[in-house]
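>>> Using only what follows, build the 3D model:
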Amino acid sequence: MKKAILAFGLFASTLTFSQTYFQQEVNYKIDVTLNDKDNTLSAFEEFEYINNSGTALDKIYIHIWPNAYKNTETALAHQLIDMNNNSMQFAEPEDLGWIDSLDFKVDGLEAKWEYHPDHIDIAVLHLNSVLKPGEKMKVSTPFKVKIPSGDISRLGHVGESFQITQWYPKPAVFDKNGWNEMPYLTQGEFYSEYGSFDVSITVPKNYVVGSTGDCQTPEELEFMTTKAAETAKKIEDGSFSKAKKGFGGADEFPESATEMKTVRYTQSNVHDFAWFADKRFEILKGEVELPHSKRKVTTWAMFVPYHHTTWQFAGEYLHDGVYYYSKWNGDYPYNNVTAVDGTISAGGGMEYPNVTVIGNAQSKEQLEVVIVHEVGHNWFYGQLGSNEREHAWMDEGLNTLNEVRYIQTKYPKNTRLSDMMMGFADKVHLEHLSHHDMNDITYNMTAEFGIDQPIELHSADYTPTNYGAIVYAKTGLVFTYLKDYLGDEDFDKAMSAYYDEWEFKHPQPEDLKTALEKSSGKDLEWFFTDIIQTTKQIDYKISSVKADDKGFTVSVRNVGQIDCPVRVDAFRFGKLVESKWVERGSEGSVHFDGKTLDEFVIDAGKQMPDLNRNNNYWKDKGLFKRVEPMKVEFLFGDNEGDKNQMWMSPALGGNKYDRFMIGILIHNQTLPKNKFEYTVAPMFSIGRKNLAGFGDINYSWVPAKHIKMITLGLGAKTFGHGLGSAPDSLTSPRGTYYAFQPYATFKLGKPDVRKFYKQTLKLQGAYVLEDGNLYSNTTMGGYLNYNFKYKKRRNEFSTNARFDYFNYDSNAGLANLTGQALNAHLTLDYKFTYWPEQRKQLEVRAHIGQNLMTSGMQNARYGMSLGGQSGTQDVLYEHWMMGRNETSGIYGNQRIENQGGFKTTSSYGTSNGMIFGSNLVFHIPYVPFVLYGDFGMFDNAGTMETVYDAGAGIRFGESFGVYFPFLESDNLKNSYPAGTKYWSKIRLTLNMNGLRPGELIQGAL
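Predicted coordinates for the structure are as follows:
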């Protein structure tokens, strides 16, 4: 019912929109002069504003986006901090930017204006009289721009290389939704009115300018053409090979000419204007004939000499990009297209009408991808002016589809993703990955870990990871799937119809849907609702294959969350024979003629965003027809889907009791991850002359609502624990433990919008048998743990609530000790990053532990500790200890940094009643050293005692720390055995749980 209502609503809104569509028109004339000594622009602007709406306007909103760089209170500054980018937070005053000297006049008369109440990079211009429908007005103002550092965002300079973007006062879009005023952001692009530009740029005469528009200055065209010929000759005769970077080399800025020049550019049917200037630029000039109209377009590539090894091919990339995008979507409508070698972040790029700026590409292959992608934005952003801030996927995603299609068409056997790994790929079996695989793997990684977000979101609501993984990768992937379903011919026809109808207009998502449905004749509600608007996942399986007299009937069943079309591919002797589509539904079937067919695969080309390809396979031979063939390889690799992969490598280990261990590591962990994973590492203990090792099996899935991911698993491990007889003898029996740990982990929350917090609930059980020749212990129990972590800008807060339950039975020869305990723990942790560049923090932590129930024999081993658990107290065997039951020596110095949090090796402060600990850690600048102080109290047989300590330490993240005490309370100092040396008080922390591959990947995402 809800879908029916939604469908009707979309139909009604589309009908209404088509009847009332309008767009405003803005035509600019700007004169601007660059001062490259003080990095400023002095300009005068006049624009004609034509009100094509049915609404009388008494004000207009104007973006004055250089003010986004003015201080640390702007929306840009806040977003950068949220993205862990502190380029504005700690910028020098000369690195900031702004716009001033504004004096707006409307039709020659002064007009009142003011800043937006929330954003200083938006102006509100109050009109002297109402601008009625169909009327137009002229607005003029002088302005001056202080150009910020290019390290911050898009507008900026690096030395005397200038990127002049989003630099002039520009009216916001007024459309059917009203005003679309918006502050400037780095993550989140633009939405502007179409019109014409007439811009005159004055710069020192030896600058090379790349710009939006057609150059109207004959002397400049002659200068550029001559320079292009000189550049071509340098490439031909190898002159560039002598260029060196740095002082005295090709990248050094020459002195600016004292004589100035003015270059005029004009362009119609664009919604933005950008220009770039650098005295070092070389130029390549070329030409491309458009596939439909046969009109010729001039291509320009401008680059610094040091980058000649990659940029000498830029003309080819411009040519091919314009040609293929024109072929698939419609001819390029402008006369020039330019790519500029910029100084923005490595490997990146940014698009503007007719001109794109390219970052520091590391290879010619990377340069080709970025140039083609950014040039492609002339279609998806330039000519189809969607609201990038609200619907980022409409330009970035559709452009990514065309980018991938370009690479796959030009290089059908490419291994572009593998090539990016710079020789590493072949060492870990990743040598066969194509450019298409990049989108597939990127999306799958986020979805499998339950951190993906819907395609249809506001740009600012994405996490930085998902802005790439969803807006670019997933959207490109799902439209590749749609193209595969419709077929190249019908898809191209539909996209051309969309292009023709909406060229130089502002299409909305419903307009794209309508164009594709009208042209293809297909109902695409499932695509634009379930795939675009949700994080629902696709998973179809081959449920049966039945032979008959003519061939085979292949049945598929939906075991995912979206009913969608499915392609089934039929093979004979490893070669594709035929493909057929099963239309959307919970199940369906297709028939293939041919008795010699021997293999069927769902989506063999990986065009569909299917998260579980391990159930897509059926073969005619073998006992298990629906089980992929086994593939055993060394170390690690990607998830091939049509193989049952197993990875093997040597396993090495060691501890106090097992001494050295050697064995084999067997696992199926890949990128992207499998739903079912296993890791097994059987080893032989030299110390105990017995088997040791660990293993884990788990199954993860993403529910439809409210929970990001659920993981059910079982861990097991067995090593020596050192409590047998003659512990220093290599020939005597050693104590051995066997631990079995079932667990369930729930990542809570909905991924619909960007959140700055994470919630995790974990329930873990334990059965532990400690076996020795003098005794045996059995512990059964587990814990329930809830963790909440909030991180925004420089502040990180977490709270952890945990309940531990132990039921133990100890048979130590002469005594039999039994009992049980229930303890509750609450930890509050706050971290303030005072120096983000070096990740230096001030940490404040508090912990309280309370025994809720005890019966039977009380034992300190099952109590709570101010100094964190020792190996002996880790009765659930959660942690990895080098000497689990050692009380002295370097192995005895290792403790777990939990519970009371004291940095001590003493067990003083252990209680079966209550503990309270507070901790302060200060990270010293420039070095990995910290200063710490701890204060706490504990219940010592009914008496509350106070304890404190302080010292310095060496710490690397959360995994490793060494702490040296300088100050200890008397009771703590007196708790050590007589004669204890200082080195025995040096505390060691080693947390290997945080180094698990899955946790490292999730942390990086």
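
>>> Please identify the helix or strand for D492.
Under DSSP states H and E, the secondary-structure element containing D492 is helix 488-502.

>>> Could you check how far that helix is from the centre of its chain?
Distance of helix 488-502 from the chain centroid (CA atoms, centre = their mean, to the nearest Å) equals 31 Å.

>>> what sits up against that helix?
For helix 488-502, the surrounding residues in contact (CB atoms under 8 Å, 6 or more residues apart in numbering) are 328-330, 379, 383-384, 482-483, 486, 507, 511-512, 515-516, 518-520. Just so you know, the C-beta spots here come from the backbone N, C-alpha and C atoms, and that holds for glycine as well.

>>> Sitting in helices, which of these do you find?
For the contacts of helix 488-502, the ones inside helices are 328-329, 482-483, 486, 511-512, 515-516, 518-520, with DSSP state H as the criterion.

>>> May I see the domains of the chain written out as residue ranges?
25-193, 222-261+279-383, 389-536, 540-627, 775-1004 (automatic domain parsing).

>>> what's the closest of those domains to L691?
When the domains of the chain are ranked by distance to L691, counting by CB to CB, first place goes to domain 775-1004 at 16.9 Å.

>>> centre of the chain versus the strand ranked longest in the chain, how much separation?
Taking DSSP state E as the criterion, the chain has its longest strand at strand 816-835. The gap between where strand 816-835 is centred and where its chain is centred comes out at 32 Å by CA atoms, centre = their mean.

>>> Just checking: what are the partner strands of the helix or strand following that strand?
Taking DSSP H and E as the definition, the helix or strand that follows strand 816-835 towards the C-terminus is strand 840-856. Strand 840-856 pairs in its sheet with strand 816-835 (antiparallel), strand 914-923 (antiparallel), by DSSP bridges.

>>> out of those, deepest packed?
Between the strands paired with strand 840-856, the one whose residues have the most neighbours on average, counting mean count of other CB atoms under 10 Å, is strand 914-923 (a mean of 20).

>>> got the contact list for that strand?
With CB under 8 Å, 6+ apart as the test, strand 914-923 has contacts from 839-851, 864-866, 899-902, 909, 929-939, 955.

>>> List only buried entries from the residues you listed.
Buried by 16 or more other CB atoms under 10 Å: 840-841, 843, 845-851, 864-866, 899-902, 909, 930, 932-939, 955, out of the contacts of strand 914-923.

>>> Can you select the buried ones from the contacts of helix 488-502 in PyMOL?
Buried members of the contacts of helix 488-502, identified by 16+ other CB under 10 Å, are gathered into one PyMOL selection as follows:
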select buried, resi 328+329+330+379+383+384+482+483+486+507+511+512+515+516+519+520
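
>>> Show me where the stretch 251-400 of the chain has its helices.
Along the stretch 251-400 of the chain, the segments classed as helices by DSSP state H, counting those that start in this stretch run 308-311, 314-329, 364-376, 393-410.

>>> in stretch 407-420, what's buried?
Judged by neighbour count (16+ other CB under 10 Å), stretch 407-420 contains these buried residues: 407-408, 414-420.

>>> just stretch 62-76 next, same as before
Buried positions in stretch 62-76, judged by neighbour count with 16+ other CB under 10 Å: 62-70, 74-76.

>>> Closest one of those to G134?
Using CB to CB, these come closest to G134 at I62, 21.4 Å.

>>> Quick one, grab the pLDDT at the closest one.
Listed pLDDT for I62 reads 99.

>>> which non-adjacent residue is nearest E843?
V921 (4.1 Å; CB to CB, 6 or more residues apart in numbering).

>>> Now for the buried residues of stretch 407-420: which two are most distant?
By the measure CB to CB, Q408 and M420 form the most distant pair in these, at 15.8 Å.

>>> The closest residue to G150 other than its chain neighbours - how many residues pack around it?
If you skip the residues right next to it in sequence, G150 has G156 as its closest partner in space, 3.2 Å away by CB to CB, 6+ apart. As a burial measure, G156 scores 23 neighbours (other CB atoms under 10 Å).

>>> Tell me if I'm right that G156 and Q166 touch.
No: contact criterion CB atoms under 8 Å: G156 and Q166 do not qualify, at 10.5 Å.

>>> what's the distance between the residue nearest to E843 and Y830?
V921 sits 11 Å away from Y830 when distances are taken as CB to CB, to the nearest Å.

>>> N674 in helix, strand or coil?
Going by DSSP: H, G, I helix; E, B strand; the rest coil, the secondary structure assigned to N674 is coil.

>>> Might you report the residue contacts of it?
Applying CB under 8 Å, 6+ apart, the residues near N674 are 614, 639, 668.

>>> residues contacting M882?
So M882 contacts 655-656, 891, 894, 990 (CB under 8 Å, 6+ apart).

>>> same thing but at 7 Å, please
Applying CB atoms under 7 Å, 6 or more residues apart in numbering, we find M882 in contact with 655-656, 891, 894.

>>> Let me see the confidence value for the residue nearest the centre of the chain.
The centre of the chain sits closest to T465, judged by CA atoms, centre = their mean, with a distance of 1.6 Å. pLDDT recorded at T465 is 90.

>>> Secondary structure element for it, which one?
helix 464-466.

>>> how deep is the nearest residue to G560 once chain neighbours are set aside tucked in, by neighbour count?
In space, and not counting its chain neighbours, G560 is closest to D539: 3.2 Å by CB to CB, 6+ apart. Counted by other CB under 10 Å, the residues lying close to D539 total 20.

>>> next one: N974
When neighbours are counted by other CB under 10 Å, N974 registers 11.

>>> Torsion angles phi and psi at it?
Torsion angles at N974 (phi, psi; degrees, to the nearest 10) stand at phi -80, psi 0.

>>> What is the least confident helix or strand in the chain?
Within the chain, no helix or strand scores below helix 2-20, which has a mean of 41 by mean pLDDT, DSSP states H and E.

>>> Quick one: name whatever helix or strand follows that one.
Sequence-wise, the next helix or strand beyond helix 2-20 is strand 25-35, with elements assigned using DSSP H and E.

>>> Show me what that following strand is packed up against.
strand 40-50, strand 195-204 (3 or more CB pairs under 7 Å, 6 or more residues apart in numbering; DSSP states H and E).

>>> So for T711, which of those sits nearest?
Taking CB to CB as the criterion, strand 195-204 is the member of these that comes nearest to T711, at 54.1 Å.

>>> Okay, now the sheet partners of the helix or strand that the closest one is followed by, with direction.
The first helix or strand that comes after strand 195-204 along the chain, using DSSP H and E, is strand 208-211. Strand 208-211 has the following strand partners under DSSP bridges: strand 275-278 (antiparallel).

>>> residues making contact with the partner strand?
34, 161-164, 201, 203, 207-212, 304, 340, 342, 357.

>>> Strands of the stretch 601-750 of the chain, start to end?
Residue ranges of the strands in the stretch 601-750 of the chain, as given by DSSP state E, counting those that start in this stretch, are 617-619, 630-634, 644-655, 659-667, 676-685, 690-701, 707-720, 736-748.

>>> Ignore what I typed, I meant the stretch 51-200 of the chain.
Counting by DSSP E, counting those that start in this stretch, the strands of the stretch 51-200 of the chain are 57-63, 98-100, 105-106, 109-110, 113-115, 122-131, 136-146, 156-158, 161-164, 170-171, 174-175, 178-179, 195-204.

>>> Give the partner strands of the second one in its sheet and their orientations.
In other words, strand 98-100. strand 136-146 (antiparallel).

>>> again with the last one
Paired neighbours of strand 195-204 in the sheet (DSSP bridges): strand 25-35 (parallel), strand 260-270 (antiparallel).

>>> Can you name the residues in contact with it?
Applying CB under 7 Å, 6+ apart, the contact partners of strand 195-204 are 25-34, 36, 209, 211-213, 256-257, 260-268, 270, 273, 275, 277.

>>> Give me the buried subset of those residues.
Among those, the ones that count as buried by 16+ other CB under 10 Å are 26-32, 34, 36, 209, 211-213, 256, 261, 263-265, 267, 270, 273, 275, 277.

>>> Work out the gap between the helix or strand containing Q764 and the centre of the chain.
Here Q764 sits within strand 757-771, counting by DSSP H and E. Here strand 757-771 shows a centroid-to-chain-centroid distance of 29 Å under the convention CA atoms, centre = their mean.
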